[in-house]
Structure formats: C-alpha cells, structure tokens
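Participant: Here is a sequence together with a model predicted from it:
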Amino acid sequence: MKNIYLEPDEEIVSVIDRLIQAEDEEINLIVPSGAQIWQSSINLKLLKREADSSKKQITLIISNDLGAKMAERIGFVVKKEKDLPVELVDQQEEGLEQAEDQQEEPELRPGPKAEAEADSQAEASPEGDRQDMIDLLVEDLESEKEANKSFPFEGKNSALNKKDKVSLARAAPEDMKKRMVDIVNPKDEIKVNFFRQKLLKKGPLIKIRKKPKEQVAVPVDLTSSSGSKWSKFLIIFIVLALITAGSVTYLALPSAEITIFPKTELISFDLSVIGSKAVSQVDEILNTIPLQEIEVKKTKSREFVSSGKKELNEKARGLITIYNEYSSVPQTLVATTRFESSNGKVFRIMKSVTVPGAEIQEGKIISHSIEVEVVADQAGADYNIGPSNFTIPGFKGTAKFAGFYAQSKTAMTGGSVETVKMVLAEDLKQAEESLAEELKKEVKQALEEQIPTDLKIIENGFKEEVDVLSTVEEETRTDKFRLEVEVAIQALIFKEEELQGLVDSNLASMISQNKTSLSETQQIIWGQSIIDWSKKEAFFDLNVQEEVAQQIEVEALKDDLIGKSETEIRSYFNNLAESGEIENGTKITLWPFWVKKIPNQKEKIKIIIDAGL
C-alpha cells in the first residue's frame with residue numbers, strides 16, 4: 001500500500017500525476033486542512049475519475065469533517081486523521097523521492113506515428129503543454145456542467161448565492177479555462193505523465209529525453225474573482241470546523257481508567273470424601289460421590305534366549321541278561337557289580353540282583369537268567385557299544401568266572417561328554433519382569449483411552465494382576481524358550497464435575513457475603529487413598545486451597561468517582577486501603593493529558609479489578 005502526502009498548495013494536476021505514477025493499487029492520500037484540492041468539488045471528481053480509470057483504490061485521510069462528507073458523497077473511502085498510523089510519517093520522504101525519480105524519464109504511448117509525435121511532444125513548450133492540459137480538463141468537465149449545480153459547501157452559511165451558481169454553471173469555455181487556473185496553477189513544471197493518460201491511450205511504451213525544467217509564469221489577469229470568494233469561504237469554514245472539532249474533542253474524548261487491587265486472603269481446609277460404586281448421586285452431607293469401575297485385560301508372549309551353560313558327562317546305559325550255569329543254587333550279585341564287555345568296556349549294575357540257580361536235566365546243566373540295567377563305568381560316547389558278551393571280573397580266577405556270564409541284545413546308548421545351553425531360574429525371572437512391565441504399559445494406555453474425558457481415575461486407584469504362563473521349567477536343556485504373560489488392570493473412576501461441585505459447596509460455606517472466590521487460584525491436593533476392592537469403595541482425603549477477594553461494587557464505585565479530581569480520587573482509594581478493602585497502589589489514568597477530573601459520563605469510566613492472577 002502506497003502513502004502519498006499532499007502539500008497545502010499542491011495542484012490537482014500534480015496530485016493526479018503522483019497517483020498515476022504510483023505502482024500500488026491501494027493508495028492512502030493524506031490531505032492536510034486548507035489544501036487546494038478542497039477549493040472545488042471538481043477537483044475531487046477529477047481525482048475520482050482518474051483513480052477509477054487507472055483502477056486505483058484511494059483512501060482519503062483527512063481532519064476536516066465537512067471535507068470528509070463531500071469526499072464520501074463523491075465516492076471516496078474516508079478515514080479521519082486521528083486513525084493515521086505513526087508508521088506513515090516515516091514513509092513520507094521516501095514516497096516523495098520515488099515520485100521525483102519516476103519523473104526523470106517519463107514514458108509516453110505514441111500513436112501510429114510514434115517517433116515523430118514523440119519528438120514533437122518532447123520539444124513542446126511548457127506554455128503549450130499547460131494550455132493543452134486546461135483544454136482537456138475543460139472539455140472533460142463540460143459534460144458535468146449541468147450536474148454540478150450544487151457546490152460542496154452549500155448550506156446556511158454558504159457565501160455563494162444562486163446567481164453565482166447559475167453564472168458559473170453557464171460559463172463559456174473561455175471563462176472555465178480562467179477558473180481552471182485556480183485548480184491547475186502549476187509552479188515548478190508541467191507533469192508529462194498526466195498527458196500520458198489523456199492524450200496517448202494506446203501504443204507501445206517508449207522513453208524520450210525530457211527537456212530541462214522551465215518556470216511557467218501565471219498571468220495575473222487569469223485569476224477570477226470567484227477564486228477569492230472561495231478562499232474567504234474556505235478560511236471561514238476551516239475556522240468553524242476547528243472550533244467544532246475542538247468542542248467535540250473536549251466533550252467526547254475524556255475518559256478514565258482505574259485499576260484496583262482488591263484485598264485477598266487464602267482459605268485452606270481438609271475434606272474427607274467417600275467414593276462408592278453402590279451410590280448413584282452426590283451426597284453433600286455425607287461427602288459421598290459415585291464411582292465407576294473399568295477393567296482391561298491383555299495377553300502377550302515372546303521367545304527368549306537361554307543363558308545357562310552346563311558341562312554334561314553322560315554315561316551309556318543298556319540292558320543285559322545274566323546267566324547262571326554254575327549251580328542250582330541262586331547267586332546274589334551286589335550293586336555296582338562289574339560286567340566287562342568283549343572290547344574291555346566295564347558296566348555296572350545299579351542295584352543288587354539274585355540270579356536264579358541252574359537246572360540239571362538228564363545230566364545236563366540248563367542255565368537260568370535275569371535281565372538287569374547296567375550303566376557304563378565312565379562317561380563318554382566310547383561306551384555306546386553294540387550287542388556284546390560280558391563277564392564278571394570279580395569271579396576271575398574261580399570256577400564261577402566261567403559259570404556266570406551276561407549278554408546284551410541291544411546297543412548301549414546315552415554316553416557323551418559336552419557343553420549344552422539350559423534355562424536358568426534367572427532367565428525365567430528376567431523374562432517375566434520385562435514382558436509383564438511392557439504389557440502393563442500397553443494395558444494402562446488402553447484403559448486410559450477407554451475413559452471418557454469427563455471422568456478421572458482416583459489417585460492410586462489401580463489394581464494389577466499378572467499371570468505367567470511358561471512353556472519350560474528351570475534347568476531345561478534348550479537354546480530358546482517361550483514365555484506368555486497375562487495382565488489385567490482394574491481402576492475406579494469418578495466424574496470431575498461431581499467432585500468439583502462437592503468441593504465448591506464446602507468452600508462456599510466458608511466465604512462471607514462481602515467476598516468473592518477466585519476460582520482460578522484453587523488447588524486440590526490429594527492425600528493417601530484407601531481402596532476396598534471387594535466393596536468397590538474408596539476413601540481419600542483432599543486439601544483444598546483457594547484465594548478470596550474483597551467484593552467491589554463497580555457501579556457504586558463509578559457513582560462515587562464522577563467529577564472528582566485526581567487528588568480526590570487518590571484520597572478516596574487511600575481510605576479504602578486503610579479500611580482493608582483494597583491494596584495500596586491503585587492506578588489512575590486520565591486521557592487526554594489535559595483532563596484533570598473523572599468524566600461525568602459513567603460509560604467513560606473503566607474500572608479494572610486486578611486480583612493478581
């Protein structure tokens with residue numbers, strides 16, 4: 001947005017030229033009181049027409065109320081000078097410099113004979129340009145003669161009579177040209193860019209060199225008597241406008257703003273509350289609120305790595321059949337009796353056995369036998385032997401050595417020496433704790449998501465149950481094992497609105513009528529909760545703290561302050577501070593600076609109660 005500041009003696013042609021040169025579509029035109037643009041409504045109409053043709057949106061910023069009405073009637077957007085932002089002042093000098101830079105090399109749109117007309121235009125004398133400008137303005141305004149029979153400042157105090165208006169409306173073109181001197185009246189230079197819009201509407205842009213600036217003398221005989229009449233009328237109008245504006249400012253602007261700091265105190269009390277699922281509404285006498293129960297249950301399993309290691313020294317095992325061909329008397333063999341295989345591997349029986357005695361039939365000995373389990377004497381895979389014959393080394397050197405022997409029908413197995421991984425008790429404990437903790441977080445989050453926004457969990461109102469389902473036992477030989485955990489969480493919840501209502505009800509009984517509570521300062525501190533899950537009841541203590549302030553009747557205060565001076569106001573509030581109703585430091589602001597008393601209108605007095613929140 002472009003800001004253009006007008007000089008009091010700036011002509012309408014200069015204003016239009018600056019408007020056309022501006023690149024912005026939105027322009028603030030700051031017009032001072034007594035500017036030449038106010039001498040006739042024709043000036044404003046010319047400006048409005050040029051703005052519309054160049055598609056510029058103009059806002060007039062002025063201090064003249066009558067001028068504002070005239071501009072609004074013609075179609076301008078008008079703002080009062082008091083609404084002017086401070087930043088516009090800093091832009092004034094920059095805007096004027098940009099306007100001068102743009103005038104150094106004006107751009108013209110020549111017609112079919114571009115170069116010839118451009119040269120002739122560049123060589124034209126200032127007097128000829130000025131005359132062409134006046135002719136154009138008169139020609140453009142001839143169509144508006146009949147429409148302009150009412151003047152901008154017409155009213156009871158108008159200095160023009162009807163004859164003057166008729167004579168002006170019917171004036172010949174030559175007379176109109178003379179009057180245009182009051183509007184145009186160039187002082188420094190002819191604005192070439194104005195003719196860019198009036199004379200050269202079409203054709204490509206070309207740049208021509210501008211001739212040196214020349215002073216244009218204005219003939220004295222071109223000044224009409226009507227101009228002096230308008231000047232006198234304008235001076236009278238401005239004086240009256242200033243008097244009116246001053247009176248309005250004096251009566252309407254005064255206002256007062258008073259900031260009061262009321263006396264405050266802290267109220268603190270303890271409240272014992274009972275929450276129960278069995279009740280359906282708040283009981284303010286028993287301090288009971290209804291509770292609701294919510295439960296969420298989840299199961300999760302995961303595979304873990306075994307960390308235990310064990311050296312295994314396994315001995316081979318198998319079955320042998322012991323034969324007795326020695327005698328018909330049964331033979332007892334004690335535990336750990338050795339049996340030696342044909343390849344020299346020794347095995348032992350683990351318990352005592354009795355070998356049945358042999359039978360003698362027709363002079364022949366028929367052996368009897370018994371099957372027993374044997375274990376290799378040492379660990380290792382070397383003892384995993386196939387079927388073999390066995391002797392008893394303990395009978396060696398006696399007749400029994402040949403009469404007692406054994407045979408294995410199947411191979412010996414299980415012998416080994418190796419290191420294997422196994423599940424330790426610590427593995428099971430760590431797996432259970434990590435999986436249960438992870439699942440608890442998920443269950444709590446799911447539980448909180450199911451709680452409505454107006455409900456809240458009682459402090460420490462959780463109950464957790466963890467069930468571990470393991471697929472392995474301690475010292476199981478395996479590289480990995482799987483663990484499954486189930487977590488269930490119960491919670492007791494209540495409506496915050498119901499508890500808040502119970503707290504406020506108890507607080508209200510502690511506040512006197514001349515004080516008001518400051519709910520923004522309220523704090524509720526929870527104590528230890530005791531929960532009976534079998535009855536779904538909770539017992540908890542609350543500590544409630546809240547500040548209260550002295551109540552101030554604003555309307556009555558305004559009635560007391562109307563018409564008082566600043567000294568009287570301060571004395572008034574000092575008395576209130578001494579009585580304990582307010583704190584010291586009341587702020588009093590009277591505006592504008594010349595105002596010394598509180599306005600007589602209550603709506604002009606603003607009371608701010610600042611409790612220090």
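Facilitator: Thanks, I have the structure now.
Participant: element containing Leu502?
Facilitator: Following DSSP states H and E, one finds Leu502 within helix 496-508.
Participant: which element follows that helix toward the C-terminus?
Facilitator: Downstream of helix 496-508 (by DSSP H and E), the next one is strand 515-532.
Participant: Show me what that following strand is packed up against.
Facilitator: strand 455-470, helix 496-508, strand 537-550 (3 or more Cβ pairs under 8 Å, 6 or more residues apart in numbering; DSSP states H and E). The way it works is simple: take the backbone N, C-alpha and C, and place the C-beta from them, glycine included.
Participant: So for stretch 555-567, first residue to last residue, what's the gap.
Facilitator: End-to-end distance for stretch 555-567, by Cα to Cα, to the nearest Å: 21 Å.
Participant: what's Ser280 in contact with, if anything?
Facilitator: Residues counted as contacts of Ser280 (Cβ atoms under 8 Å, 6 or more residues apart in numbering) are Pro290.
Participant: Assign it to helix, strand or coil.
Facilitator: Following DSSP: H, G, I helix; E, B strand; the rest coil, Ser280 is assigned to coil.
Participant: What confidence value was assigned to it?
Facilitator: With respect to pLDDT, Ser280 scores 92.
Participant: Give me the distance between it and Leu291.
Facilitator: To Leu291, Ser280 is 10 Å away according to Cβ to Cβ, to the nearest Å.
Participant: give me the beta-bridge partners of Thr321?
Facilitator: Glu371, Gln407 (DSSP bridges).
Participant: and it, what is it in contact with?
Facilitator: Ser369, Ile370, Glu371, Ala406, Gln407, Ser408, Lys409.
Participant: quick one, helices of the stretch 201-350 of the chain?
Facilitator: In the stretch 201-350 of the chain, the helices defined using DSSP state H, counting those that start in this stretch lie at 225-252.
Participant: In it, what residue spans correspond to strands?
Facilitator: With DSSP state E, counting those that start in this stretch as the criterion, the stretch 201-350 of the chain has strands at 206-207, 255-260, 264-276, 288-290, 292-305, 308-324, 331-333, 338-341, 346-349.
Participant: Tell me which of the helices and strands packed on strand 515-532 sits most buried.
Facilitator: Per residue and on average, the most neighbours among the helices and strands packed on strand 515-532 fall to strand 537-550, with a mean of 18 (mean count of other Cβ atoms under 10 Å).
Participant: wait, which of the contacts of Thr321 is closest to Ile530?
Facilitator: Proximity of the contacts of Thr321 to Ile530 (Cβ to Cβ) peaks at Glu371, which lies at 70.1 Å.
Participant: Could you tell me how far that closest one is located from Pro356?
Facilitator: Glu371 is 12 Å from Pro356, by Cβ to Cβ.
Participant: Compare those two (neighbour count), which wins?
Facilitator: Taking neighbours as other Cβ atoms under 10 Å, Glu371 and Pro356 compare with Pro356 leading, 16 against 12.
Participant: so what pLDDT did that one get?
Facilitator: For Pro356, the model assigns a pLDDT of 93.
Participant: neighbours of the closest residue in space to it that isn't next to it in sequence, just the number please.
Facilitator: Distances taken as Cβ to Cβ, 6 or more residues apart in numbering place His368 nearest to Pro356, at 3.7 Å, with adjacent residues excluded. The number of residues packed near His368 is 15, by other Cβ under 10 Å.
Participant: hang on, isn't His368 packed against Thr354?
Facilitator: No. Using Cβ atoms under 8 Å, His368 makes no contact with Thr354, being 10.6 Å away.
Participant: Send me the helix holding Leu502 as PDB with only the CA atoms.
Facilitator: Coordinates of each C-alpha in helix 496-508 appear next as PDB, following Å, rounded to 0.1, in the frame of the first residue of the first chain:
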ATOM      1  CA  GLU A 496     -14.600 -34.500  38.000                       C
ATOM      2  CA  GLU A 497     -17.600 -32.300  37.800                       C
ATOM      3  CA  GLU A 498     -19.200 -34.100  40.700                       C
ATOM      4  CA  LEU A 499     -16.100 -33.900  42.900                       C
ATOM      5  CA  GLN A 500     -15.600 -30.200  42.000                       C
ATOM      6  CA  GLY A 501     -19.200 -29.400  42.900                       C
ATOM      7  CA  LEU A 502     -18.700 -31.100  46.300                       C
ATOM      8  CA  VAL A 503     -15.500 -29.000  46.900                       C
ATOM      9  CA  ASP A 504     -17.200 -25.800  45.900                       C
ATOM     10  CA  SER A 505     -20.200 -26.500  48.100                       C
ATOM     11  CA  ASN A 506     -17.900 -26.900  51.100                       C
ATOM     12  CA  LEU A 507     -15.900 -23.800  50.100                       C
ATOM     13  CA  ALA A 508     -19.000 -21.600  49.700                       C
END
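Participant: Tell me which other helices or strands it touches.
Facilitator: Counting by 3+ Cβ pairs under 8 Å, 6+ apart, helix 496-508 packs on strand 264-276, strand 288-290, strand 515-532, strand 537-550.
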